[in-house]
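Visitor: Need a 3D model of the sequence below.
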Amino acid sequence: MLKIDARRHGDDVTVMTVTEDQREIWRFEVDDDWLGCGAGRDHVWVGDRDGTITLYDARQRRKSGAVFVPRGKEWQPASISRDGRRLYLFQPIETEESSTLHVIDLEAGRIVASHAGIPGHLDAYPAERPDGRLLLTGLKRPGTPGITVVTIDPADGERTEEVLGDGPPSDRVIASPDGRYLLRRDLTMMPRRSLGGAPRRLFGFGRRSGQAGEVHYGLVWQVWEASPLRFVRRIVAQWMRAEELLDAFYFGTRLPPAEAARCRRALWDTVADTLGAPNAPPEGGPPPPEAFRTDIFDEDEMLRLVGDSVENLRTSPLISKFRGWQPDGEAFWVATAHYLTCVGLDGSVSPRLSLERKGLESTVVLESACSFKDIRALDGRKAEVRYDDGTAILDGAPSSDIVRAVPLEADQWCAAPPPPPPAAPDPRGNRLSIPLAGWSGAAVEEAIDALAAEMDVSLAARAEEGEVCLTFQDGEESIAETAFFDRVAEQVPSAAPALRRLIERFVAVARDSEFLFSDAENGHGFLSHAVLALGLLDREALPVIQSYGRVVDREHEYDFAGLVVPRLIAAHGWSDAMIDFVFWVMIRNYFNTLQDFTIVWQDWGLRDALIAQDPEVVARRVATLHRRDLKSGRFAAGRRKGGLAQLASDIAKPHEPWLAAFLREAKRCLAA
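Guide: Prediction:
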């Protein structure tokens, strides 16, 4: 199977890299309007905001087709079939009451089946069963109790629907990779056991007899068979001390250590006693807070906190968090307080594993092992665990031990390569001084080309709070950036080609690093006056100026939309190219600079430039050139929606006939 990775370049371009067995086989660019991507056997897909799914043949290195699936409110999980030939894409309807499954043949480039009426809104990837049916377990159904589980045949749409439990729909189950089994956290029971030692009595807040020795509380998982649903067994996956469980009282922050320990023990003894029914129905959930009422926990606020503590067992990422399936689907890994446990579906359990070399961590909230970044399950109930400074291999073989620190000689530690030493700071800091040998055309062009040679990613590293201070040194005279380029625009028309090379080079660098400022506090973008000079000297330079506008920080930079664009209009007038450019600026929504499009319409003169033209012809041209951006709304910024919607909102109503006809036709074109 192929893999696809995306790397954004500025606001407009993303580079997609397709690999196979870690070997790159193709790299291509797409508009930076995508929301999802994936890879199959020979093809990859990229989905954008307006619902277009573009398909690419990675072997032939070409675009192979496109299909349209309305996106609804958001993307739902999409997955590739086991053989890599089909894409399963779920389309939600607006009410989220049901979804439609679309089956896309990647080679043929078309939808080959669509099945509507799947209950709920999917928020988990489907699992493909050995018989080819899909198991759907992450269906959200507002107002519907229990967990809805659906199996569906992607070929003919035949399906079954079952409901697990009657608890809150926020409960979730985890499907095995082959869709045969489901895992569910069990809050109907909390077993308890003591590991020897003398009995002791708890005093103060914990006025209750303790178990002999060190007490451990069991965290339980359920195993179910899927389609049809059948309960298989409960498994105590981890045994935890009270100090390792997350209570909602925050005893550790409010009480001395000894008292906090007694109170935690009283809390979890109460929970274990209440969840003590050995034959509790597996479909159920935790009891209401009132069920935990005792002579200790007898106030409403205390009962609420007991209930919240039990809820932490289900929702806290620190407590019994699922971390992945073994490759054979016969066991899974869970983490509790950063310890890792391998749990077999047959009920066999490993110790809670940590690394001796990493030690333990203790906070006022709970005690835990050292945190890790991620794990990768390996064959034979082993896992590769990645830490900041290296990786270790843990053996999840079953054992009667509760906790085990893997010794140094057994963890197969592989240290991460040391980070490269930090580069020595550039002694010039954020100051950039370019020599200037007078104001002849050749001398100015030479200085501009020398500046272009400085445009690389190291310039961004030298910036201080995003600023670069640029000056030109003419003998003893130091000339500021703005003054230099303004004089070039007035006196050195032959410098236009050098200015073009400079801006093109800066844009390429800004895509890979960051946009820079000459004066960040006042929103003056780096080289903004060079862009203005180029535009004034070369009326054919709008594409280069537009490329600069793509990398501009639209929120904080003010010169591009506030200075450059109106000056170019005033200098060159309203050609067709200028009209297209100004619509592009409005749609891109430089929202802190252009806070009212009436300025563009009236003060800049766009209305007068358009009024003699056919409004429907203009509308069709704008809709065609900017269809994707207008439909996706990706340049919206809070209440500033940008584009034609913002134009219609900013200009006072009732709109004059020309504008009304233009907006009406543009809306029709975009809806088609």
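Visitor: hey, let's count contacts and neighbours off CA atoms from now on
Guide: Fine.
Visitor: Who are the contact partners of the closest residue to R230 other than its chain neighbours?
Guide: Nearest non-adjacent residue to R230, counting by Cα to Cα, 6 or more residues apart in numbering: W224, 5.5 Å away. By Cα atoms under 8 Å, 6 or more residues apart in numbering, the residues touching W224 are 181-183, 230-233.
Visitor: redo that, cut-off 10 Å
Guide: By Cα atoms under 10 Å, 6 or more residues apart in numbering, the contact set of W224 is 164, 173, 175, 180-184, 230-234, 282, 345.
Visitor: which among these end up buried?
Guide: 164, 173, 175, 180-184, 231, 234, 282, 345 (16 or more other Cα atoms under 10 Å).
Visitor: Can I get the residues you listed in CSV including pLDDT, secondary structure and distance to Y339?
Guide: As requested, those are arranged in CSV below (pLDDT from 0 to 100; DSSP: H, G, I helix; E, B strand; the rest coil; distance: Cα to Cα, whole Å):
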residue, pLDDT, secondary structure, distance to Y339
L164, 87, strand, 29
V173, 89, coil, 22
A175, 94, strand, 23
R180, 94, coil, 27
Y181, 96, strand, 24
L182, 95, strand, 23
L183, 94, strand, 19
R184, 91, strand, 19
F231, 94, strand, 28
R234, 93, strand, 21
P282, 87, coil, 26
L345, 97, coil, 19
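Visitor: circling back to that earlier point, can you confirm the residue nearest to R230 is in a strand?
Guide: Yes. Counting by DSSP: H, G, I helix; E, B strand; the rest coil, W224 is located in a strand.
Visitor: per-residue confidence at it?
Guide: Note for W224: predicted pLDDT of 96.
Visitor: mind starting the numbering at 9 from now?
Guide: Okay, using 9 as the starting number, the last item reads as W232.
Visitor: in stretch 153-170, what counts as buried?
Guide: 153-162, 165.
Visitor: Which ones among these lie within strands?
Guide: Among these, the subset assigned to strands under DSSP state E consists of 155-160.
Visitor: Pretty sure H537 sits against A488.
Guide: No. H537 lies out of contact with A488 (Cα atoms under 10 Å); the separation is 11.0 Å.
Visitor: Name the residue in these two with the higher neighbour count.
Guide: Between H537 and A488, H537 has the larger neighbour count (other Cα atoms under 10 Å), namely 23 against 14.
Visitor: before we move on, the earlier item: can you add distance to L633 and give the buried residues of stretch 153-170 back as TSV?
Guide: Listed next are those as TSV, based on distance: Cα to Cα, whole Å:
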residue	distance to L633
P153	48
G154	48
I155	46
T156	44
V157	45
V158	43
T159	43
I160	41
D161	41
P162	37
G165	39
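Visitor: hang on, the earlier thing: wait, which of the buried ones among the contacts of W232 is closest to E364?
Guide: Of all these, L353 has the smallest distance to E364: 27.9 Å, by Cα to Cα.
Visitor: Please name the residues that touch the closest one.
Guide: Applying Cα under 10 Å, 6+ apart, one finds that L353 lies in contact with 189-191, 229-232, 240-243, 337-340.
Visitor: For the stretch 259-408 of the chain, just list every one of the helices.
Guide: Secondary structure of the stretch 259-408 of the chain by DSSP state H, counting those that start in this stretch: the helices cover 259-262, 265-282, 308-323.
Visitor: Okay, now the unreliable bits of the protein?
Guide: 17-19, 80-83, 101-104, 150-151, 175-179, 204-221, 285-286, 371-373 (pLDDT under 70).
Visitor: Spatially nearest residue to P296, not counting backbone neighbours?
Guide: Using Cα to Cα, 6+ apart and skipping residues adjacent in sequence, the residue nearest P296 is G315, 7.1 Å away.
Visitor: right, and that neighbour touches T278 too?
Guide: No. G315 sits out of contact with T278 when judged by Cα under 10 Å, with a separation of 11.1 Å.
Visitor: between those two, what contacts are shared?
Guide: Common contacts of G315 and T278 (Cα under 10 Å, 6+ apart): 299-300.
Visitor: which residues touch G650?
Guide: For G650, the set of contacting residues under the criterion of Cα under 10 Å, 6+ apart consists of 593-599, 602-605, 637-638, 641-644, 656-657.
Visitor: same check, this time on P359
Guide: For P359, the set of contacting residues under the criterion of Cα under 10 Å, 6+ apart consists of 245-247, 347-351, 403-413.
Visitor: Make a ChimeraX selection of whichever of those turn out to be buried.
Guide: Buried residues within those, by 16+ other Cα under 10 Å, are selected in ChimeraX with:
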select :245,246,247,347,348,349,350,351,403,404,405,406,410,411,413
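Visitor: The contacts of P359 in strands, which ones?
Guide: 245-247, 347-351, 403, 411-413.
Visitor: Would you check that my belief about A468 contacting G474 is correct?
Guide: Yes. Here A468 reaches G474: they are 7.4 Å apart, a contact under Cα under 10 Å.
Visitor: who's more crowded, these two?
Guide: In this view A468 and G474 are compared by other Cα under 10 Å, and A468 has more residues nearby, 21 against 18.
Visitor: Helix or strand for the more buried one, just tell me which one.
Guide: helix 465-470 (DSSP states H and E).
Visitor: Report the buried residues of that helix.
Guide: The neighbour-count criterion (16+ other Cα under 10 Å) identifies 465, 467-470 as the buried residues of helix 465-470.
Visitor: out of the residues you listed, who's nearest G449?
Guide: Among the buried residues of helix 465-470, L467 lies closest to G449 (Cα to Cα), at 26.5 Å.
Visitor: you'd agree that closest one is up against V476?
Guide: Yes. Contact criterion Cα under 10 Å: L467 and V476 qualify, at 8.0 Å.
Visitor: Find the residues that touch each one of those two.
Guide: Both L467 and V476 are in contact with 437-440, 524, where contact means Cα under 10 Å, 6+ apart.
Visitor: Tabulate the CA atom coordinates of stretch 180-192 in CSV.
Guide: As requested, the backbone C-alpha atoms of stretch 180-192 are provided in CSV (Å, rounded to 0.1, in the frame of the first residue of the first chain):
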residue,chain,number,x,y,z
ARG,A,180,-17.5,4.5,22.8
VAL,A,181,-16.4,1.1,21.8
ILE,A,182,-13.2,0.2,20.0
ALA,A,183,-13.3,-2.3,17.1
SER,A,184,-10.6,-4.8,16.4
PRO,A,185,-8.8,-4.3,13.1
ASP,A,186,-10.8,-7.1,11.5
GLY,A,187,-14.1,-5.9,12.9
ARG,A,188,-14.7,-9.1,14.8
TYR,A,189,-14.5,-7.8,18.4
LEU,A,190,-15.4,-4.7,20.3
LEU,A,191,-13.7,-3.3,23.5
ARG,A,192,-15.6,-1.3,26.1
